[in-house]
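Undergrad: Okay, predicted coordinates and the sequence, questions at the end:
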Amino acid sequence: ARQLWGAQLNLCRDLSSRFMTAIPPDTPQLERERARSVRLLSSFAVTLKYQLTPDGGNCHIVYEGRTPGQIREGIDAALRDEVRLIWADGDCANDDSAEFVSDLIACAPNGRPLHVLHELGALVGRLRDGGVVDRVTCQTLDD
């Protein structure tokens, strides 16, 4: 399992590098899109961690004497805190990032990684439609 998880993290890093290479930092808007792509990939890794483990690897979550609803709230709060750290600094720390985090936490727990991938796909679509990257590059980013 550790090897598979390591391979997943390496893939996220590779995709981050591809996005940073594909999106030119010509304008402040494109620089924000570059940062957003890296933050989305980081968010994907975190949401996947919470999908694959009962508690996201947080040993501080208390189970004893708590109802399943209270445990779920604790896990959601831990995930929210981790994702907020990803989106807290830089140009992405604005209303859009707060809305993204809220929307992500509002998703069903097993749909959160897919929500992040959907956002990443929408980003690639915006880049393609805006003529920032060509179709071949978009295909590389979409794969």
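TA: Perfect, I can see it now. Residues are numbered from 1 along each chain as shown.
Undergrad: Stretch 3-13 - what's its average pLDDT?
TA: Mean pLDDT, stretch 3-13: 92.
Undergrad: Give me the buried positions along it.
TA: Going by neighbour count (16 or more other C-beta atoms under 10 Å), the buried part of stretch 3-13 is residue 12. Backbone N, C-alpha and C define where each C-beta goes, glycine included.
Undergrad: and residue 99, what element?
TA: helix 95-106 (DSSP states H and E).
Undergrad: no, scratch that, I was asking about residue 125
TA: helix 112-129.
Undergrad: show me where this protein has helices.
TA: Ranges of helices in the chain, per DSSP state H, are 2-22, 28-52, 68-87, 95-106, 112-129, 135-142.
Undergrad: Which other helices and strands does the second one contact?
TA: In this structure, helix 28-52 packs against helix 2-22, helix 68-87, helix 95-106, helix 112-129, with contacts taken as 3 or more C-beta pairs under 8 Å, 6 or more residues apart in numbering; DSSP states H and E.
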